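# Sharing a model prediction with you, sequence too.
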Amino acid sequence: MDHSIPLITTLAEGFGMALVLGFVAERIKVPALVGYLLAGILIGPATPGVVADVKLASELSEIGVMLLMFGVGLHFSLRDLLDVKRLAVPGAVVQMTLATAMGMLIAWWWGWSWGGGLVFGLSLSCASTVVLLKALEARGALETQNGRIAVGWLVVEDLATVLVLVLLPPLAGVLGGHVLEQSATGTALWLTLGKTLLEVAVFIALMLAVGRRALPWLLWQVARTGSRELFTLAVVAVAIGIAYGAAQLFHVSFALGAFFAGMVMRESEFSHRAAQESLPLRDAFSVLFFVAVGMLFDPAILIREPLHVLGVLLIIMLGKSLVSLALVLLLRYPLTTALTVSASLAQIGEFSFILAGLGVALGLLPPEGMSLVLAGAILSIALNPILFAVIEPLRRVILARCALARKLEASGDPYAELPESTARKNLDGQVVLVGYGRVGRHIAAELTAHAIPIVVADQSREVVEDLRQQGQAAVLGDAAEPGVLIQAHIAHAAMLVATVSDVVGMRKMVDTARTLNPQIEIVLVAQSEDEMRMLRDENIGEVFLGDEQLARGMAGYVRTRFAQ
């Protein structure tokens with residue numbers, strides 16, 4: 001029987017080719033996503049043989065983007081975003097501005113219009129959040145401070161790009177293009193801008209005011225049924241439903257809608273289970289994102305315009321990286337943070353395609369520009385894992401050969417040491433609290449209310465700076481490093497309370513603390529039941545599960561120990 005099955009055909013071809021080429025890529029020590037991109041090229045319209053449905057593949061890849069961003073939101077609270085705002089906001093704005101200027105300059109050199117150059121530069125300025133997430137997850141760095149900074153930076157870029165997408169149609173006439181029919185209403189630019197900001201603000205307000213209560217309640221009701229498939233269905237329905245509703249009602253991108261849905265659902269005690277249940281679907285559909293990118297690519301552009309492609313690649317992988325590296329170092333963040341952010345931004349993706357496509361539709365960007373953007377995306381995505389792999393070797397080389405780098409590294413961050421004015425009561429018999437996230441803040445509030453002295457150690461400069469302004473003793477750095485615990489006066493502390501999610505770092509931290517202070521008591525927070533059982537089996541300290549309700553019990557335990 002003859003059936004019209006374009007959806008099944010696209011899924012079968014996409015997953016099948018991605019599996020084969022991804023496996024080959026891994027066997028030859030190349031990242032699997034390179035195989036996924038090649039699979040898309042082979043089943044795309046630009047190469048002979050089997051051709052899948054490009055439009056369907058693109059829509060399916062959007063599901064992968066939604067689920068990925070939803071998963072990030074489950075591990076990335078609003079406070080995490082606010083904690084990195086002092087670097088992410090100015091950094092993203094300046095980096096996008098300079099990258100756009102570089103794109104405009106090279107487009108002007110090629111003889112394009114200023115409007116086309118503007119769209120082209122903007123397309124090269126915004127990195128792909130999906131590519132970054134895959135890179136960070138592969139290295140277990142998604143929940144580190146550097147990972148949060150990189151994700152926060154790209155979230156700011158996404159918000160800025162959404163604003164550009166709304167403003168570009170009414171500006172098309174001024175920039176030398178033609179106005180789309182839906183934009184030719186004579187609406188003032190300032191009114192369009194105000195409307196856009198209002199819609200985004202209303203969406204965020206609804207998510208924070210209503211979603212923070214409704215979504216955890218919904219998960220609780222579904223979990224009470226005891227049905228695993230119903231729980232998984234609820235997680236997927238929330239992720240995709242909110243992303244779709246945000247796009248339709250508030251003109252927010254699917255990715256950002258799903259991201260905020262995950263952030264809100266993080267308030268639920270079932271957030272860890274939600275992340276685990278949605279993981280297989282996230283992985284499967286994220287593969288289709290890379291396949292869909294490959295299907296859009298025409299390899300002939302590499303032969304027709306090799307120098308143009310090289311120029312685009314240099315802007316993406318060299319120009320943007322150097323700009324972000326300089327910005328992070330100027331703000332006095334560590335070299336490792338600067339290199340991580342630089343590698344994170346050395347690629348482009350989903351928003352670049354949308355911007356370039358809109359530019360072509362508005363008559364601003366020549367069709368060649370779209371091909372160049374796609375070529376830059378394919379090559380930068382394929383090469384991006386190499387940049388992440390060389391971060392640590394490059395850091396060692398820079399420190400070995402650059403006297404200025406060694407001087408900056410040696411001078412350290414002013415927040416990496418406790419000020420001399422720190423009260424003596426905080427340096428003898430105190431609690432050293434590692435991590436000032438949701439659980440850490442609750443514990444700190446309980447201890448402070450009972451006049452128990454604490455010193456906070458956290459990897460976020462913004463957190464440490466805010467704490468010091470409030471008069472709280474705090475030190476910046478990774479407490480797995482001995483120097484940070486020494487600065488927190490661990491040798492004279494009564495207790496170490498660790499609320500971080502890195503189990504390996506937690507073990508190293510405990511070993512260092514007991515070396516410096518054999519009598520110290522250890523209290524640990526686990527992020528899952530399996531992790532809690534593992535830590536308890538190792539008998540390295542009192543272990544609690546890291547949900548907010550159990551944090552209260554943990555704080556009570558610490559108070560009780562101090563009362564003895």
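Okay, I see it.
# okay, which residue is most central for this protein?
Nearest to the mean C-alpha position of the chain, by CA atoms, centre = their mean, lies Val151 at 2.4 Å.
# That residue is in contact with Thr129, isn't it?
Yes: in this structure, Val151 is within contact of Thr129 by CB atoms under 8 Å, at 7.4 Å. To be clear about C-beta, it is placed using only N, CA and C from the backbone, and glycine gets the same treatment.
# any idea which element the residue nearest to the centre of the chain lies in?
helix 145-175 (DSSP states H and E).
# In that helix, which residues are buried?
145-158, 160-162, 164-166, 168-172, 175 (16 or more other CB atoms under 10 Å).
# Run through the chain and note the low-pLDDT ranges.
By pLDDT under 70, the weakly predicted segments of the chain are 1-4, 75-81, 143, 178-189, 192-193, 267, 404-416, 501-505, 527-530, 546-564.
# domains of it?
6-191+283-400, 419-563 (automatic domain parsing).
# and the ones you listed, which is most packed in?
Neighbour counts (mean count of other CB atoms under 10 Å) averaged over each of the domains of the chain peak at domain 6-191+283-400, with a mean of 20.
# Now do the end-to-end distance for that domain.
56 Å (CA to CA, to the nearest Å).
# how near is Ser128 to Ala423?
47 Å (CB to CB, to the nearest Å).
# ignore the last one, Val264
39 Å.
# Apart from its neighbours in sequence, what residue is nearest Thr422?
Ala473 (5.1 Å; CB to CB, 6 or more residues apart in numbering).
# correct me, but Gly359 touches Val119?
Yes: using CB under 8 Å, Gly359 is in contact with Val119, at 3.4 Å.
# Give the residues shared as contacts by the two.
168, 365, 369 (CB atoms under 8 Å, 6 or more residues apart in numbering).
# Show me which of the residues you listed is closest to Ala25.
Gly369 (29.4 Å; CB to CB).
# Settle this for me: the closest one is touching Gly121, isn't it.
No: using CB under 8 Å as the test, Gly369 is too far from Gly121 to be in contact (10.4 Å).
# Which neighbours do these two have in common?
With CB under 8 Å, 6+ apart, Gly369 and Gly121 have common neighbours Ala107.
# Now do the helices in the stretch 101-250 of the chain.
Along the stretch 101-250 of the chain, the stretches classed as helices by DSSP state H, counting those that start in this stretch are 114-125, 129-138, 145-175, 189-206, 212-224, 228-250.
# how close does Ile354 sit to Ala135?
Ile354 is 21 Å from Ala135, by CB to CB.
# got it, and Pro90?
23 Å.
# Once you drop chain neighbours, what's closest to Val50?
Ile43 is the one closest to Val50 (CB to CB, 6+ apart), at 5.4 Å.
# tell me the contacts of that neighbour?
Ile43 neighbours (CB under 8 Å, 6+ apart): 13-14, 17, 49-52, 291, 295.
# For the residue nearest to Thr422, grab phi and psi.
phi -70, psi 120 (degrees, to the nearest 10).
# for the protein, what spans make up the strands?
All strands of the chain, identified by DSSP state E, fall at 431-434, 454-458, 474-476, 495-498, 521-526, 542-545.
# can I get those strands in CSV with distance to Ser113?
Output for the strands of the chain, formatted as CSV (distance: least, CB to CB, whole Å):
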stretch, distance to Ser113
strand 431-434, 55
strand 454-458, 49
strand 474-476, 48
strand 495-498, 57
strand 521-526, 57
strand 542-545, 59
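# out of those strands, nearest to Ile240?
strand 542-545 (29.1 Å).
# Direction included, what does the closest one pair against?
According to DSSP bridges, strand 542-545 forms sheet pairs with strand 521-526 (parallel).
# ok now the partner strand, how far from the chain's centre?
Strand 521-526 has its C-alpha centroid displaced from the chain centroid by 28 Å (CA atoms, centre = their mean, to the nearest Å).
# can you check stretch 9-17 too?
For stretch 9-17, the distance to the chain centre is 28 Å (CA atoms, centre = their mean).
# next one: stretch 306-325
Its chain's C-alpha centre and that of stretch 306-325 lie 22 Å apart, by CA atoms, centre = their mean.
# same check, this time on stretch 206-214
That offset, for stretch 206-214, works out to 22 Å (CA atoms, centre = their mean).
# list the buried ones in that stretch?
Residues of stretch 206-214 classed as buried: 206-207, 211-212 (neighbour count, 16+ other CB under 10 Å).
# could you dump that stretch to CSV, C-alpha only?
C-alpha atoms of stretch 206-214 as CSV (Å, rounded to 0.1, in the frame of the first residue of the first chain):
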residue,chain,number,x,y,z
LEU,A,206,3.1,35.6,34.7
MET,A,207,5.7,32.9,34.9
LEU,A,208,7.1,34.2,38.2
ALA,A,209,3.8,35.1,39.8
VAL,A,210,1.5,32.3,38.5
GLY,A,211,3.8,29.7,37.1
ARG,A,212,5.9,29.4,40.2
ARG,A,213,2.8,28.1,42.1
ALA,A,214,0.9,26.4,39.3
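# Give me the distance between the nearest residue to Thr196 once chain neighbours are set aside and Asp158.
Excluding its sequence neighbours, the residue lying closest to Thr196 (CB to CB, 6+ apart) is Val166, at 4.5 Å. Val166 sits at a distance of 13 Å from Asp158 (criterion: CB to CB).
# cool, and Arg424?
For Arg424, the distance to Asp158 - CB to CB - is 47 Å.
# Isn't Ser271 up against Gly71?
No: applying CB under 8 Å as the test, Ser271 and Gly71 come out as separate, 10.5 Å apart.
# Spell out the residue ranges of the helices in the stretch 301-450 of the chain.
301-304, 306-314, 320-330, 335-345, 350-361, 367-389, 391-401, 403-411, 438-449.
# one step back: tell me which of the strands of the chain sits nearest to Lys508.
strand 495-498 (10.8 Å).
# now for the closest one, which elements pack on it?
Strand 495-498 sits against strand 431-434, helix 503-516, strand 521-526, helix 548-563, with contacts defined as 3 or more CB pairs under 8 Å, 6 or more residues apart in numbering; DSSP states H and E.
# go with 10 Å
Helices and strands touching strand 495-498, by 3 or more CB pairs under 10 Å, 6 or more residues apart in numbering; DSSP states H and E, are strand 431-434, helix 438-449, strand 454-458, helix 503-516, strand 521-526, strand 542-545, helix 548-563.
# Need the nearest residue in space to Gly262, chain neighbours excluded.
Nearest to Gly262 is Gly73, by CB to CB, 6+ apart, at 2.2 Å.
# Enumerate every residue touching that neighbour.
Neighbouring residues of Gly73 by CB atoms under 10 Å, 6 or more residues apart in numbering: 81, 151, 155, 239, 256-266, 271, 275.
# Gln459 is in contact with Ala479, correct?
Yes: Ala479 is within contact range of Gln459, at 8.4 Å (criterion: CB atoms under 10 Å).
# Could you check how far the closest residue to Ile63 other than its chain neighbours is from Met66?
Spatial nearest neighbour of Ile63, excluding adjacent residues (CB to CB, 6+ apart): Phe285 at 4.7 Å. From Phe285 across to Met66, the span is 8 Å (CB to CB).
# Equivalent analysis for Leu372, please.
Using CB to CB, Leu372 is found at 28 Å from Met66.
# residues touching Thr512, list them.
Contacts for Thr512 (CB under 10 Å, 6+ apart) come out as 479-486, 490, 496.
# can you put the residues you listed in CSV and add distance to Glu199?
Below are these laid out as CSV (distance: CB to CB, whole Å):
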residue, distance to Glu199
Ala479, 42
Ala480, 43
Glu481, 45
Pro482, 50
Gly483, 47
Val484, 43
Leu485, 47
Ile486, 50
Ile490, 49
Leu496, 47
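# quick one: which of those residues sit in helices?
Within the contacts of Thr512, residues falling in helices by DSSP state H are 482-486.
# Among those residues, find me the one that's closest to Leu335.
Closest to Leu335, out of all of these and judged by CB to CB, is Gly483, at 15.9 Å.
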